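Q: When you get a sec, could you give me coordinates for this:
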Amino acid sequence: MNIVWDIDTAWILSQIFVVVGYGFFLAMYIPKSRNRVLVLGILGSLFFSINFIFIREWTGFYSGGLMLFRNVAFLGWALLMKGKKQTRLFDTLILGIVFVCVVLITIFTFDAWYDIFPAFAVMIFSVGLWQKNTKTFRILGATSGAFWLVYMLLVGSAFGLILESIILGMAISSVVFYDIIERLNNNKTQEKS
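A: Residues are numbered from 1 along each chain as shown. Presented below is the predicted three-dimensional model:
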């Protein structure tokens with residue numbers, strides 16, 4: 001394995017796009033609404049995908065595009081079905097399509113052993129969004145982030161590595177703040193009642 005970080009105009013442009021994309025990804029851990037999470041995910045995925053064009057990492061590019069498709073599909077369905085009884089059928093279909101596409105993308109863009117990391121990351125994060133539970137989303141987001149962290153290191157995305165570390169910290173913090181501390185506070189409130 002040879003990690004080379006060639007600093008040229010393309011690399012600088014990729015880092016600009018990755019910073020913007022990760023700004024949106026970071027914001028995804030703040031709202032409690034799944035739809036707001038998805039809107040931020042759409043914006044983040046767009047910039048995230050473009051970043052990989054500049055460093056010619058096609059597995060990352062197509063994985064980011066798949067994340068964009070997934071987020072648009074989940075959000076579009078949620079908005080279409082707003083106020084109506086929703087079934088899990090469409091979301092499960094989207095999840096299945098994402099899994100099949102991840103396998104195909106990985107097969108056709110496989111260049112090095114670490115090209116498997118985006119596949120794991122996209123599949124894990126997709127399950128988190130599919131669950132429609134922001135607690136599950138945050139936990140699986142942290143797990144997914146670990147795979148992206150290693151990939152960013154190996155493909156030479158310095159800001160991707162730094163920002164993925166921050167996102168991983170944010171994901172873990174949001175689990176602690178929203179899920180653990182909030183539950184403890186609710187238990188204290190119920191005990192006083």
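Q: CA only for contacts and neighbour counts going forward, please
A: Noted.
Q: separation between P31 and W130?
A: According to CA to CA, to the nearest Å, P31 stands 16 Å off from W130.
Q: And the two? Which one has more around it.
A: Neighbours were counted for P31 and for W130 using other CA atoms under 10 Å; W130 has more, 20 against 12.
Q: Okay, that one and L168: tell me how far apart.
A: In this view, W130 and L168 are 20 Å apart by CA to CA.
Q: again with N71
A: N71 sits 20 Å away from L168, taking CA to CA as the criterion.
Q: Who has more neighbours out of the two?
A: Between N71 and L168, N71 has the larger neighbour count (other CA under 10 Å), namely 25 against 22.
Q: Can you name the residues that contact that one?
A: Listed by CA atoms under 8 Å, 6 or more residues apart in numbering, the contact set of N71 reads 38-39, 41-42.
Q: Apply 6 Å and report the result again.
A: Shown in contact with N71 (CA atoms under 6 Å, 6 or more residues apart in numbering): 38, 42.
Q: Toward the C-terminus from whichever strand or helix holds it, list the very next helix or strand.
A: Element membership of N71 [criterion: DSSP states H and E] is helix 58-80. Note on helix 58-80: by DSSP H and E, the next helix or strand toward the C-terminus is helix 89-109.
Q: Hey, what's the angle from that following helix to helix 58-80? Just curious.
A: Going by axes from the mean of the first three to the mean of the last three CA atoms, to 10 degrees, helix 89-109 is angled at 170 degrees with respect to helix 58-80.
Q: Quick one: mean pLDDT over helix 89-109.
A: In this model, helix 89-109 has a mean pLDDT of 91.
Q: same for the very next helix or strand once past it, what does it pack against?
A: Per DSSP H and E, the first helix or strand lying C-terminal to helix 89-109 is helix 116-130. On a contact count with 3 or more CA pairs under 6 Å, 6 or more residues apart in numbering; DSSP states H and E, helix 116-130 meets helix 134-155.
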